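**Q** Got a predicted model here, sequence first, then my questions.
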Amino acid sequence: MCGIVGYTGPRQAYPVILKGLKRLEYRGYDSSGVALLHNGQLNVYKKKGKVADLEEMMIGKSLEATIGIGHTRWATHGEPSDRNAHPHSSKSGRLAMIHNGIIENYALIKQELLNKGYSFTSDTDTEVLLNFIEDIHQHIESGSLEEALRIALKRVSGAYCILLIDQNDPETIIAARKGSPLVIGIGKGEHFLASDASPIIEYTKEVVYVNDYELAIVKPDELILKNLGNEKITPFITKLDMELAAIEKGGYEHFMIKEIFEQPSTIYDCLRGRLDAAAGMIRMAGVDNHIEQLTNANRIMIVACGTSWHAGLVAEYIIEELCRIPVEVEYASEFRYRNPIVNKGDVIIAISQSGETADTLVALEKAKENGAFIFGIVNAVGSSIARLSNAGAYTHAGPEIGVASTKAFTGQLAVLMMVALTIAHHKKTITQERYQALLNELQDIPEKVAAILKNAEALRKMADKYKDASDFLFLGRGYNFPIALEGALKLKEISYIHAEGYPAAEMKHGPIALVDENLPVVFIATNDLYHEKIISNMQEIKARKGKIISIITEGDTTSPKLSHDYFTIPPVDELIAPILTVIPLQLLSYYVGIAKGIDVDKPRNLAKSVTVE
Ligand code: F6R
């Protein structure tokens, strides 16, 4: 959460920072601010609301500066407000700092500072850390800010990515990272700093991903990386494989709808070069190079959060069915704090779009310390989870900017299916015919997704009809049960309508009490092993006057008779169906969200990348 940007070089810093903040707004958007340093004068401007509110406030202000830092916030300590917005200024006014993360022991440090006579203008942990740094700075012999920062960071626990500037140093940004991402772009006589590469991409493709416990001293012509022990580290320069167009809206009204419509090509990109149905094979280096480890796993544990966790649930069904390996799916936030049994021979699959989710990252660190083999399924190339994993496969969905995850989810499903098929084939737990049939089915998926998207208008109409409902129920069975959960999550996130996902048969054990003539119940009822059973569940809802919306397979003549509204998808093998059934639910949520006038790319209280626990 929170987006940070910094610039030092010959350009005007403000336009670079402002544009960068707009790109990072998906990470948080309750307030934003900038600190600009010019002629020894450090000006800090901040404003509650979105970056556009800051931009408006800045009209007529003194914007001249070739060094500056900017922040867009997702509140942790202290409500969204002007005074809690970043950057924060130190007591003397000499330092300004922005921070992404949480300082867990801030209360203790704050008390120490209060005892020394400090007072605070905000409720944030950041202001505490900044004054702690300044206090150390004022008392150390060397007078070095960098040293003061190192000393301070050794005392703090929690997560941070910070950028710090000093009124008396007109060229330098000092940065440090632990647990929250930081990328430094290397230009000609200039440097860019940001939470991800999107603010940097239009200026340079050469970047350095800063690691945990590293400090960067960044000047226009120089980048020095050090560890907290003051030893220099050689920066590892990576070339960005991303185009500017990929992070712009390209004519769509919102990123979310753009990303939904990109899915035929993102799934194709995910399969491309890996799946060759004609040759009857899948090639995935991350899997092939570790095939014995994966095939001989005693157990697979899948660790993830949110939508990625739903992809994990689908994988549980698929891997157990095809590979006959026991699978457990864990919320990363639970896994990290309980005392899970991880044995030698267990494989952990980590699923994450951003690759920066704090709960997932820490859960994996813990599992890795215990000797687990980690296979990462990640979208953001070069992200922390990707780097922590022993092996893995990227989803290749491209930058996902809309806060609600869509194309990353279908990419995760495609990767998980290829992983499961490869293991099953190697382990001979699948017949050659079934293996070939599933390869063929997977290969056809992008086309079928495109066919569903052609009928998006039908879902817009449905959304208009049901947008005023106060609750929704989503029901599915088997492979489509996790899709019921995902449909409910999507709707909650971007329409603020309360929604619950349930296994269709479980409904009668409680949620059925909610059903009346006002409750829309979305059934994912494609043709599969459970079709007759789910038809019975529809009857149960119909008998209680619930409003049935069903997602069904073309040619199904029973479900329409029971449904108030239905949407058909092309016939598909039940195992692969989740990649298709989720698409109408994404569209339904999107259209309900916009019908209700919600900013679907930036729904309230959410952030794209949850880098706090
Ligand atoms: C829902 C959504 C979140 C994320 C979750 C995990 O639309 O986007 O639930 O899925 O925060 O994020 P990643 O996948 O980045 O680890």
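**A** Nice, thanks for sending it over. Numbers count the residues shown, from 1 in each chain.

**Q** distance of Val208 from Lys19?
**A** Distance, Val208 to Lys19, using CB to CB, to the nearest Å: 21 Å. Using the backbone N, CA and C atoms, a C-beta is placed for each residue, glycine as well.

**Q** Quick check on those two: which one has the bigger neighbour count.
**A** Val208 (22 against 17; other CB atoms under 10 Å).

**Q** what mean pLDDT would you report for the helix or strand hosting that one?
**A** Secondary structure from DSSP states H and E places Val208 in strand 206-209. Taken as a whole, strand 206-209 has an average pLDDT of 96.

**Q** Now that strand - C-alpha only, CSV.
**A** Extracted as CSV, the C-alpha positions of strand 206-209 are listed here (Å, rounded to 0.1, in the frame of the first residue of the first chain):
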residue,chain,number,x,y,z
GLU,A,206,17.3,0.2,-16.8
VAL,A,207,16.3,-0.4,-13.2
VAL,A,208,17.7,-1.7,-10.0
TYR,A,209,15.3,-3.6,-7.6
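
**Q** Parallel or antiparallel, which strands does it pair with?
**A** Here strand 206-209 is paired, per DSSP bridges, with strand 183-186 (antiparallel), strand 237-239 (antiparallel).

**Q** List the neighbours of the last one that are in contact with it.
**A** Applying CB atoms under 8 Å, 6 or more residues apart in numbering, the contact partners of strand 237-239 are 186, 205-209, 382.

**Q** Show the end-to-end separation of stretch 114-126, please.
**A** 15 Å (CA to CA, to the nearest Å).

**Q** Give the buried residues for it.
**A** 118, 120, 122, 124-126 (16 or more other CB atoms under 10 Å).

**Q** hmm, stretch 254-261 in reach of the ligand?
**A** No: using CB under 6 Å from any ligand atom, stretch 254-261 stays clear of the ligand, with a minimum separation of 9.5 Å.

**Q** What lies in contact with that stretch?
**A** Residues from elsewhere that reach stretch 254-261 (CB under 8 Å, 6+ apart): 26, 249-250, 252, 400-404, 406-407, 453, 494, 583, 586-587, 590, 593-594, 600-601.

**Q** Return the alpha-carbon coordinates of it using CSV.
**A** Presented in CSV, the C-alpha positions along stretch 254-261 are these (Å, rounded to 0.1, in the frame of the first residue of the first chain):
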residue,chain,number,x,y,z
HIS,A,254,-11.5,2.2,-16.7
PHE,A,255,-8.5,0.0,-16.3
MET,A,256,-10.8,-2.7,-14.9
ILE,A,257,-12.8,-3.1,-18.1
LYS,A,258,-9.6,-2.8,-20.2
GLU,A,259,-8.1,-5.6,-18.3
ILE,A,260,-11.2,-7.8,-18.5
PHE,A,261,-11.2,-7.3,-22.3
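
**Q** Now the residue lying farthest from the centre of the chain: which helix or strand?
**A** Most distant residue from the mean C-alpha position of the chain: Glu141, 43.2 Å away (CA atoms, centre = their mean). Using DSSP H and E, Glu141 falls within no helix or strand.

**Q** Need the per-residue pLDDT for it.
**A** We have a pLDDT of 93 for Glu141.

**Q** Looking at the protein, which residue is nearest the ligand?
**A** Closest approach between the chain and the ligand, counting by CB to the nearest ligand atom: Gly306, at 1.9 Å.

**Q** What are the phi and psi values at that residue?
**A** Main-chain dihedrals, Gly306, degrees, to the nearest 10: phi 60, psi -130.

**Q** With Asp565 instead?
**A** Per-residue torsions, Asp565: phi -140, psi 150 (degrees, to the nearest 10).

**Q** Repeat that for Leu36.
**A** When read as degrees, to the nearest 10, the backbone of Leu36 gives phi -120, psi 130.

**Q** How about it: what's its closest non-neighbour residue?
**A** Ala65 (3.6 Å; CB to CB, 6 or more residues apart in numbering).

**Q** Following the chain onward from the strand holding Val208, which element is next?
**A** Moving toward the C-terminus from strand 206-209, the next helix or strand (DSSP H and E) is strand 214-219.

**Q** Check which helices and strands that following strand sits against.
**A** strand 3-8, helix 145-155, strand 173-178, strand 191-194, strand 222-227 (3 or more CB pairs under 8 Å, 6 or more residues apart in numbering; DSSP states H and E).

**Q** I'd like to know which of those is closest to Asp53.
**A** strand 3-8 (15.2 Å; CB to CB).

**Q** The contacts of strand 237-239 also near the ligand: which ones?
**A** Okay, of these, nothing touches the ligand (CB under 6 Å from any ligand atom).

**Q** Please check those residues and keep the buried ones.
**A** 186, 205, 207-209, 382.

**Q** which of the residues in stretch 264-282 are buried?
**A** Quick answer for stretch 264-282 (16+ other CB under 10 Å): 264-271, 274-275, 277, 282.

**Q** again, but for stretch 409-419
**A** By neighbour count with 16+ other CB under 10 Å, stretch 409-419 contains the buried residues 409-419.

**Q** could you dump those residues to CSV with distance to the ligand?
**A** Shown next, in CSV, are these (distance: CB to the nearest ligand atom, whole Å):
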residue, distance to the ligand
Phe409, 8
Thr410, 12
Gly411, 11
Gln412, 8
Leu413, 13
Ala414, 15
Val415, 13
Leu416, 13
Met417, 18
Met418, 19
Val419, 17
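
**Q** Adding distance to Ala437, secondary structure and pLDDT, write the residues you listed out as JSON lines.
**A** Listed next are the buried residues of stretch 409-419 as JSON lines, based on distance: CB to CB, whole Å; DSSP: H, G, I helix; E, B strand; the rest coil; pLDDT from 0 to 100:
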{"residue": "Phe409", "distance to Ala437": "24", "secondary structure": "helix", "pLDDT": "98"}
{"residue": "Thr410", "distance to Ala437": "20", "secondary structure": "helix", "pLDDT": "98"}
{"residue": "Gly411", "distance to Ala437": "22", "secondary structure": "helix", "pLDDT": "98"}
{"residue": "Gln412", "distance to Ala437": "22", "secondary structure": "helix", "pLDDT": "98"}
{"residue": "Leu413", "distance to Ala437": "18", "secondary structure": "helix", "pLDDT": "98"}
{"residue": "Ala414", "distance to Ala437": "17", "secondary structure": "helix", "pLDDT": "98"}
{"residue": "Val415", "distance to Ala437": "19", "secondary structure": "helix", "pLDDT": "98"}
{"residue": "Leu416", "distance to Ala437": "18", "secondary structure": "helix", "pLDDT": "98"}
{"residue": "Met417", "distance to Ala437": "13", "secondary structure": "helix", "pLDDT": "98"}
{"residue": "Met418", "distance to Ala437": "15", "secondary structure": "helix", "pLDDT": "98"}
{"residue": "Val419", "distance to Ala437": "18", "secondary structure": "helix", "pLDDT": "98"}
